[in-house]
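Participant: task: produce atomic coordinates for the following.
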Amino acid sequence: MEKMKKILASPYFIAGLFALKMMVYYSLIKVNRMELVLILISLIMWGGIFICFSKSGLKRKRGIFLTVYLLLSLLMFADTMYYNYYNQTVSIRQLWQAKSVTAVPKSFIATLIPASFLLFVDIPFAYYSFKKMNDKYKKHNLHLRKEIKYSVSILIAIIITLIINPFHSAAIERVNNTEFFTNHVNDIYETIAENIAPEEMEEEEILEVLQEVAPEAMGPYLNGIGKGKNLIVIQLEAFQDFVIGRKYNGQEITPNLNRLLQQDTLYFDNYYSNIGKGNTSDAEFSSMNSLYPVIEGEAYRLYESNTYYGLPWLLREQGYYAFAVHGYKGEFWNREKAYPYQGFQDYISMEDMNQDEIIAIGISDKSMFKQLVPILKEQKKPFFSFAITLTNHHPFVLDDQYRTLQLAEEEKGTKLGNYLETVRYTDEAVGQLIEDLKTAGLYENTVIALYGDHHGLNCGMEDVQADMTRFLGRNYDYDEMLNIPLIIHVPGSSVKETIHTTGGQIDFMPTIANIMGIAYDETFALGQDLANAEEGFVAFTSYLFEGSFVKDDVMFEISREGIFEGSRAWRIGTGEELDAALYQEEYEKAVLYKKTSKEVLQKDLMAEYIKRDPVEDPAGLPKNENK
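Facilitator: Model (predicted):
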């Protein structure tokens, strides 16, 4: 018994508990290569801190210890949840996201990993051990101030060396981006440094890069085939490309979209999501403006009142009435405040609609489209309607009465099975919309563009990866996960083509502008018209770390540690491994494009070139005369 008490009063007991805790943590965030090294570094860091703390003469040490240890456990828990969804650990920059996450509780709960709760199991044992250890030092008056002073100095020196990395060591950089303590301290350090002394590009340098990127705004092929027609752009929630044209047990998953591809339609099958941490809102931001989102948060919040010259503004200059519609709360993702600056003259949200059919978190896609068509019919001039679907939202919940896809027993209740059912529902809603447009006499004079906003099935989740690999008959990787469809339907155009040029949401605005025959100043567009482009390139922001990209048929993923060494590249579709070292130039290009886009936003650069009357409206909006 006495021996057990000695063990419990030993700092090695807490060190052992913390080692087990770190083993659970690193396994949940899938760190394998360096796991033992990282655990050792974590033990040195926290072991030193706890021992110095226990020997100090501070009062209320037990309460402080418990609070700190609990907060550490909560941060680890948050990391594992965040990693399960984004394949990245949480950053101080993403504290803003807590409100958005809790706004969709079912989706939040679905991301929980039961094993993550193991991170809390050791807390009472660690507290009891610390209490005994503290009593021991108190009893023997072992508050060795000089020893503590030296120990703290050494710890601080180690931490500063790791964080600042004065010798630019790749090994230290790798540790900084993966070890729990240094990762988060480094994150705080970089965030503060960026705000105090940001590394900014000169305006001339920004414009020079933009000039290199910018293609000809108007390509000859397919130019103006939709000129003068109305435009409906539909952003499809969590819609991946693999469902297009595919069957499940003999049933078409998307029969209505498949039918659309048979005539008057352009289909871009190598099209990718390039969203940031703003998910859906970043998909629309990038699509409307041909700019990349940022990793720090959603553009609609960070750059709400910037001056923009995206698709809504371009169409308004041609006499169009531009408005958005979505079956969820108007305040979500800050849309109500941001949309006027994006150029939308009205935003019809959940609060403005008849909430007659609620599925999951908002108005069903079918109900939203039914309510949209009468609004379109009332318009006195050409309209641009931007509609965002919702029913196919994670965790893909659908009542029996709405299910029309017959699942095999083993597929029922799985993420894949649930996803296919809600995809089918959204496809039916699109089919219903087209029929309603025909009945309203609007179909023939309306271009309909549809694209997915982001993935629905995360290849980082083991059950999803296994089910999708089986379903597809090949390894389910990021090239499939981030692949979304872009479909542009132009009634009466006699165009029927699948375009294989690689592109992403960054390319949507130039592509649809060409279709609509709208000239624009390409100075601030980082995308290209995919109908006329000879090769494609898209840089990624989230899910794959910055520096990752897709170029033509090659996918490049920067290493987990965020450095070029240890990165991987592979052939899209086949999974053939390629030599990542051959893509240094493209990696640097991806980083440069992302940085340039961020500088355009940070400096609100367009405000220097585009002037609107601030007296009439803060966002330069004329009074709505179209209703």
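
Participant: for the stretch 401-550 of the chain, what spans make up the helices?
Facilitator: Per DSSP state H, counting those that start in this stretch, the stretch 401-550 of the chain carries helices over the ranges 415-439, 462-472, 478-481, 508-515.

Participant: could you say what helices and strands the longest one packs with?
Facilitator: It stands for helix 415-439. Contacts defined by 3 or more C-beta pairs under 8 Å, 6 or more residues apart in numbering; DSSP states H and E place helix 415-439 against helix 255-260, helix 365-377, strand 446-452, helix 462-472. To be clear about C-beta, it is placed using only N, CA and C from the backbone, and glycine gets the same treatment.

Participant: switch to 10 Å and redo it
Facilitator: Contacts defined by 3 or more C-beta pairs under 10 Å, 6 or more residues apart in numbering; DSSP states H and E place helix 415-439 against strand 230-236, strand 247-248, strand 251-252, helix 255-260, helix 365-377, strand 446-452, helix 462-472.

Participant: and of those, who's closest to Leu66?
Facilitator: Among these, the nearest to Leu66 by C-beta to C-beta is helix 462-472 (33.8 Å).

Participant: enumerate the positions of that closest one that are buried.
Facilitator: Within helix 462-472, the residues scored as buried using 16 or more other C-beta atoms under 10 Å are Val464, Gln465, Asp467, Met468, Phe471.

Participant: any stretches of the stretch 51-200 of the chain with poor pLDDT?
Facilitator: Low-confidence segments of the stretch 51-200 of the chain (pLDDT under 70): 51-59, 94-111, 134-176, 197.

Participant: returning to that earlier point: closest to Thr404 out of the helices and strands packed on helix 415-439?
Facilitator: Closest to Thr404 of the helices and strands packed on helix 415-439 is strand 251-252 (C-beta to C-beta; 8.8 Å).

Participant: so where's the protein shaky on pLDDT?
Facilitator: Along the chain, segments meeting pLDDT under 70 span 1-12, 32-59, 94-111, 134-176, 197, 214-218, 613-627.

Participant: strands along the stretch 251-400 of the chain, start to end?
Facilitator: Ranges of strands in the stretch 251-400 of the chain, per DSSP state E, counting those that start in this stretch, are 251-252, 265-272, 321-326, 346-348, 358-359, 362-363, 383-388.

Participant: for those strands, which one sits closest to Val538?
Facilitator: strand 265-272 (5.1 Å).

Participant: pairing partners for the closest one, with directions?
Facilitator: When pairing is defined by DSSP bridges, strand 265-272 lines up against strand 483-489 (antiparallel), strand 496-499 (parallel), strand 503-504 (parallel).

Participant: most neighbours per residue, which of those?
Facilitator: For those, the largest average neighbour count (mean count of other C-beta atoms under 10 Å) is found in strand 503-504, namely a mean of 29.

Participant: touching it from outside, list them.
Facilitator: Strand 503-504 is contacted by residues 268, 270-275, 283, 286-287, 292, 451, 482-484, 486, 510-511, 527-531, 533, 536-540, 549-550 when judged by C-beta atoms under 10 Å, 6 or more residues apart in numbering.

Participant: try 7 Å this time
Facilitator: With C-beta atoms under 7 Å, 6 or more residues apart in numbering as the contact definition, strand 503-504 has outside contacts at Phe268, Asn270, Tyr271, Tyr272, Ser273, Asn274, Leu530, Gly536, Val538.

Participant: how far does that strand sit from its chain's centre?
Facilitator: Computed by C-alpha atoms, centre = their mean, to the nearest Å, the chain-centroid distance of strand 503-504 equals 15 Å.

Participant: kindly report the same for stretch 417-437.
Facilitator: For stretch 417-437, the distance to the chain centre is 24 Å (C-alpha atoms, centre = their mean).

Participant: any idea how many residues pack against the closest residue to Leu291 other than its chain neighbours?
Facilitator: Leaving aside its sequence neighbours, Leu291 sits nearest to Ser597 (C-beta to C-beta, 6 or more residues apart in numbering; 5.0 Å). Other residues near Ser597 come to 27 when the count uses other C-beta atoms under 10 Å.

Participant: name the SS class of Ser597, please.
Facilitator: helix (DSSP: H, G, I helix; E, B strand; the rest coil).

Participant: that one and Tyr309: what is the separation?
Facilitator: For Ser597, the distance to Tyr309 (C-beta to C-beta, to the nearest Å) stands at 14 Å.

Participant: likewise for Arg560?
Facilitator: Taken as C-beta to C-beta, the span from Arg560 to Tyr309 is 37 Å.

Participant: name the residues that touch stretch 112-119?
Facilitator: Stretch 112-119 is contacted by residues Lys21, Val24, Tyr25, Leu28, Ser73, Met76, Phe77, Thr80, Met81, Asn84 when judged by C-beta under 7 Å, 6+ apart.

Participant: the fourth one reaches Thr80, doesn't it?
Facilitator: Yes. Contact between Leu28 and Thr80 holds when scored by C-beta atoms under 7 Å: they sit 4.2 Å apart.

Participant: count of neighbours near Thr439?
Facilitator: If you count neighbours by other C-beta under 10 Å, Thr439 ends up with 11.

Participant: all helices for the stretch 101-250 of the chain, in order.
Facilitator: Taking DSSP H, counting those that start in this stretch to define them, one finds helices in the stretch 101-250 of the chain at 105-110, 123-139, 145-164, 170-176, 180-196, 203-213.

Participant: hang on, Thr391 packs against Val423?
Facilitator: No. Thr391 lies out of contact with Val423 (C-beta under 7 Å); the separation is 9.4 Å.

Participant: now stretch 280-290, how far from the centre of its chain.
Facilitator: The answer for stretch 280-290 is 11 Å, by C-alpha atoms, centre = their mean.

Participant: which residues touch that stretch?
Facilitator: Outside stretch 280-290, the residues that touch it by C-beta under 7 Å, 6+ apart are 235, 237, 273-276, 292-293, 298-300, 308, 310-312, 333, 335, 342, 388, 451, 453-454, 505-506, 508-510, 525-527.

Participant: circling back: so which of the helices of the stretch 401-550 of the chain is the most surrounded?
Facilitator: Comparing the helices of the stretch 401-550 of the chain by mean count of other C-beta under 10 Å gives helix 508-515 as most buried, with a mean of 27.

Participant: counting by contacts, list what that helix packs against.
Facilitator: Secondary-structure packing of helix 508-515 (3 or more C-beta pairs under 7 Å, 6 or more residues apart in numbering; DSSP states H and E): helix 279-289, helix 311-317, strand 446-452.

Participant: mind doing that once more with 10 Å?
Facilitator: Going by 3+ C-beta pairs under 10 Å, 6+ apart, helix 508-515 lies up against strand 230-236, strand 265-272, helix 279-289, helix 311-317, strand 446-452, strand 483-489.

Participant: may I have that helix exported as PDB, CA atoms only?
Facilitator: Backbone C-alpha positions of helix 508-515 (Å, rounded to 0.1, in the frame of the first residue of the first chain) are rendered in PDB as follows:
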ATOM      1  CA  PHE A 508     -16.900  29.400 -62.400                       C
ATOM      2  CA  MET A 509     -17.300  33.200 -62.900                       C
ATOM      3  CA  PRO A 510     -15.100  33.400 -66.000                       C
ATOM      4  CA  THR A 511     -16.800  30.300 -67.400                       C
ATOM      5  CA  ILE A 512     -20.400  31.400 -67.000                       C
ATOM      6  CA  ALA A 513     -19.500  35.000 -68.000                       C
ATOM      7  CA  ASN A 514     -18.300  33.600 -71.400                       C
ATOM      8  CA  ILE A 515     -21.500  31.600 -71.700                       C
END
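
Participant: please report how far Leu236 lies from Val550.
Facilitator: 20 Å.

Participant: do Phe117 as well
Facilitator: 37 Å.

Participant: higher neighbour count, these two?
Facilitator: More crowded of Phe117 and Val550, by other C-beta under 10 Å: Val550, with 28 against 12.

Participant: which residues touch Glu410?
Facilitator: Gly417, Asp467.

Participant: and Gln432, by the same measure?
Facilitator: Counting by C-beta under 10 Å, 6+ apart, Gln432 touches Asn256, Asp365, Lys366, Phe369, Lys370, Val373.

Participant: cheers, nothing more for now.
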